[in-house]
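**Q** coordinates for the following, if possible.
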Amino acid sequence: MNEVDIVPSDDIWSLCERLRVEKLLISSEVSCLQQLHDEIYRKFLQLGLQSWNSKQHQLLLQRLVSSHSCVSQDNCCALSAQLNSAEVEEAYSFLRRLGHHHSLFAKCLSLLFSSPLCTAELLHAVGPNQEISSDESIHAVFGLLYGNCVFPTDEKAVLETLSCLIRVQLLSHSNPRLIIRKGTAAFPRLYKLYSESLYAVKIFLTAALHDSVMLVLCQDEVFLDIDPTKSPLRFPSADRVRRFGDDPTSAQYHKKMAVHRKLIVERLVLLTHSFIKGICDAISCFPLGLIWLVQQLNSALTDIKRLSANEVATFISFAGLICTDLIVTNLLCPAIINPETIGIISDTPISHIARFNLMQIGQIIQTLALSRHETPQPHFQVFISHFKDVCRGMFFPSCFLELIQRH
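**A** Numbering: from 1, shown residues only. I've put the predicted structure just below:
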């Protein structure tokens, strides 16, 4: 009989004890991980609810400011109170009440979420319909289908829908730029909701604009008019006579006006330089989703296959104009004019003079960005001459397009 090595019983008991301890430790770790997972889920749910509530209050304020038929000074507080007291109901419990329609409703939502083209065609078809509000339908789809774009999967779905809308809505129109500028069609509405909700956009805009906006808020003692004919009108009659004289035709009056105008131009140029530098310094924070969307828009507008040789150069320039509009006119300028709605500043009040000056700076930045494609108005020429060293087309053709090409 062969000799067999027998493990001592003490070693077996020791091994069992170690395994038991390991099992208890693993069970404890799994329980802790499960608790953390549940806590994260609750936090995500709270985040989604807070995002929805904040978006609804922002929409309520916008409608109040724009004199929407559904919102007035008499009922806005009541509507806000209803939003704050709204009871949240899980979607699955609502779907259960649909009975035999539950599966059809779920399939419809699943189809729309998984098929960006279907969603784009639906939103495009709703636009001309007078019985259905395009604004309401866009908000419903953005909130119900995409959850206010809180999670990455929702962001990806929104970007794909916007890409489909480019081909369904913009390319089918004779003037795509007009659609973007009017802002009433499905593409600009959905783009506005997407850019305002995306956290990465807020990070970029805050990094790019915060310091410059605060600089403007600290210098709100005088109106910085772009139009030189409006500068004297900012002063009361007595103050205007004291500053410039009582005879607008005299040489002394024109000399003092020229000095005042020079100070305004110099201050506007310095402030605009600050904004441009901030934007260029923060370009590394520019959201990749927006880069991808601009790439899709540019490639769709410059599709060489459908153009003749003579039209290629024209359409490339036109595509650059529309892409510039999408970023500068529809993203940067609104953030400059209303920095508090994006979160660039929090509790700092903005005076009416500072707001006006921000609007003037936004107009200068927009004009500089579009100067490669459009001839600026005469009173902008003095500002264009101060930015020749920066670049004639300003930062978008240089910084933004280089960033887009790298990706």
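
**Q** got the buried residues for the strand or helix carrying His260?
**A** His260 is part of helix 251-281, with elements assigned from DSSP states H and E. Neighbour counts over helix 251-281 (16 or more other C-beta atoms under 10 Å) mark 253, 257, 260-261, 264-265, 268-269, 271-272, 274-276, 278-280 as buried. Heads up, the C-betas are built off the backbone N, CA and C, glycines and all.

**Q** so which of these comes closest to Leu326?
**A** Each of these was scored against Leu326 by C-beta to C-beta, and Ile279 proved nearest at 15.2 Å.

**Q** and the gap between the nearest residue to that closest one once chain neighbours are set aside and Cys285?
**A** Distances taken as C-beta to C-beta, 6 or more residues apart in numbering place Ala208 nearest to Ile279, at 4.6 Å, with adjacent residues excluded. Taking C-beta to C-beta, to the nearest Å as the measure, Ala208 and Cys285 are separated by 8 Å.

**Q** compare those two (neighbour count), which wins?
**A** Ala208 (25 against 14; other C-beta atoms under 10 Å).

**Q** got a list of what Asp325 touches?
**A** For Asp325, the contact set (C-beta atoms under 8 Å, 6 or more residues apart in numbering) comprises Arg177, Ile180, Arg181, Leu370.

**Q** turn those residues into JSON lines, including distance to Ser133, secondary structure and neighbour count.
**A** JSON lines is the format used below for those (distance: C-beta to C-beta, whole Å; DSSP: H, G, I helix; E, B strand; the rest coil; neighbours: other C-beta atoms under 10 Å):
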{"residue": "Arg177", "distance to Ser133": "24", "secondary structure": "helix", "neighbour count": "18"}
{"residue": "Ile180", "distance to Ser133": "20", "secondary structure": "helix", "neighbour count": "20"}
{"residue": "Arg181", "distance to Ser133": "21", "secondary structure": "helix", "neighbour count": "14"}
{"residue": "Leu370", "distance to Ser133": "32", "secondary structure": "helix", "neighbour count": "20"}
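
**Q** taking these together, which two end up most distant?
**A** Largest pairwise distance in the contacts of Asp325, by C-beta to C-beta, is 12.9 Å, between Ile180 and Leu370.

**Q** secondary structure element holding Asp239?
**A** Using DSSP H and E, Asp239 sits in helix 237-244.

**Q** what packs against the helix or strand harbouring Met214?
**A** Here Met214, judged by DSSP H and E, is contained in helix 199-217. In terms of contacts (3 or more C-beta pairs under 8 Å, 6 or more residues apart in numbering; DSSP states H and E), helix 199-217 is packed against helix 251-281, helix 288-301, helix 333-337, helix 339-342, helix 352-370.

**Q** I am finished for the moment; much appreciated.
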